[in-house]
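Enquirer: Okay, structure incoming, though there's no sequence with it:
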């Protein structure tokens, strides 16, 4: 009896000491195996597209990485002032600690502890993306969403392949894959936002959120929701390109790894 009471006291103490980042991490891990379903309205304004809004049966999956998120974002929590799709929710605001990455807001179901809505905003406050359930089924459903672990040694391999590369503040390489058109794509993440670092035989068309430069006989692109300055600064010091160090991290084209 005493042991049980002691264990309960420890559990209550841990709950009392949990930070907003801890609570959000628990919700994001829960969302890998449990999700709300129904109908969602999804609007994407960056990159620009002719028809920005569509409907879907679920919120689009965002590859959140709670450990990186806690390291690179200040997380605040408050009760949502109004229900989301008729359900009580908690609002989490994510603000980057360094750099000019997008900031995020998530609305998490108070009872189910899974997201009901989220939005991404550029540093100036411009809405880049929003997804929200507009109708929800009575119960959440079981899902399986895999977020692969970050391969050990990938950061070092990327810097060896692209000497002089500067990762944008807060971002780190989390995966690499072969491009079907030739070259390599390395995904960079700060826990929420994702950038594509591409080595390719051809250049890319100029557009918002795209920086590129030629290095020897290859082109290096950096693509994502960052201002032009940080994107170009990341590439400006690259002295050479040698994709060989990335070889052990690259599944073959068509691999489901």
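Expert: Yep, that arrived. Just so it is clear, the structure is predicted and the values come from calculations on it, not from any experiment. Residues are numbered from 1 along each chain as shown.
Enquirer: okay, CA-based contacts and neighbour counts for the rest of this
Expert: Fine.
Enquirer: which stretches of the stretch 51-200 of the chain form helices?
Expert: Applying DSSP state H, counting those that start in this stretch to the stretch 51-200 of the chain gives helices spanning 66-72, 154-161.
Enquirer: what mean pLDDT would you report for the shortest one?
Expert: When pLDDT is averaged over helix 66-72, the result is 95.
Enquirer: do the same with the longest one
Expert: Helix 154-161 shows an average pLDDT of 98 in the prediction.
Enquirer: Show me which residues of it are buried.
Expert: Within helix 154-161, the residues scored as buried using 16 or more other Cα atoms under 10 Å are 154-155, 157-161.
Enquirer: Turn the helices of the stretch 51-200 of the chain into CSV, columns for distance to residue 112.
Expert: As requested, the helices of the stretch 51-200 of the chain are arranged in CSV below (distance: least, Cα to Cα, whole Å):
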stretch, distance to residue 112
helix 66-72, 18
helix 154-161, 36
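Enquirer: Looking at these, which is nearest to residue 191?
Expert: Among the helices of the stretch 51-200 of the chain, the nearest to residue 191 by Cα to Cα is helix 66-72 (4.1 Å).
Enquirer: Sketch out the low-pLDDT regions of the protein for me.
Expert: Residue ranges of the chain with pLDDT under 70: 1-16, 252-257.
Enquirer: And it, what are its domain boundaries?
Expert: 20-142, 154-249 (automatic domain parsing).
Enquirer: Just send the ones you listed back as a markdown table, with distance to residue 148 too.
Expert: Converted to a markdown table, these look like this (distance: least, Cα to Cα, whole Å):
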| stretch | distance to residue 148 |
| --- | --- |
| domain 20-142 | 10 |
| domain 154-249 | 8 |
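Enquirer: residue boundaries of the strands in this protein?
Expert: Under the criterion DSSP state E, the chain carries strands at the ranges 34-35, 38-44, 53-56, 73-79, 89-96, 103-109, 115-121, 127-136, 141-142, 172-178, 184-189, 194-200, 210-215, 218-223.
Enquirer: closest to residue 22 out of those strands?
Expert: Nearest of the strands of the chain to residue 22, taken as Cα to Cα: strand 73-79 at 9.2 Å.
Enquirer: how far does that closest one sit from the chain's center?
Expert: 17 Å (Cα atoms, centre = their mean, to the nearest Å).
Enquirer: Other residues contacting it?
Expert: Contact with strand 73-79 is made by 20-21, 89-97, as judged by Cα atoms under 8 Å, 6 or more residues apart in numbering.
Enquirer: Which members of these are the farthest-apart pair?
Expert: 89 and 97 (25.1 Å).
Enquirer: Contact partners for the nearest residue to residue 222 once chain neighbours are set aside?
Expert: In space, residue 222 comes closest to residue 197 once its chain neighbours are excluded; the distance is 4.6 Å by Cα to Cα, 6 or more residues apart in numbering. Residues near residue 197 by Cα under 8 Å, 6+ apart: 185-188, 220-223.
Enquirer: Specify which member of those is nearest to residue 69.
Expert: Checking the contacts of residue 197 against residue 69 by Cα to Cα gives residue 188 as the nearest, at 12.8 Å.
Enquirer: wait, isn't the closest one in contact with residue 198?
Expert: No: between residue 188 and residue 198 there is no contact under Cα atoms under 8 Å: 10.6 Å.
Enquirer: shared neighbours of these two, anything?
Expert: Residues touching both residue 188 and residue 198 (Cα under 8 Å, 6+ apart): there are none.
Enquirer: hmm, back to that, so which of the contacts of residue 197 is the closest to residue 53?
Expert: residue 223 (21.9 Å).
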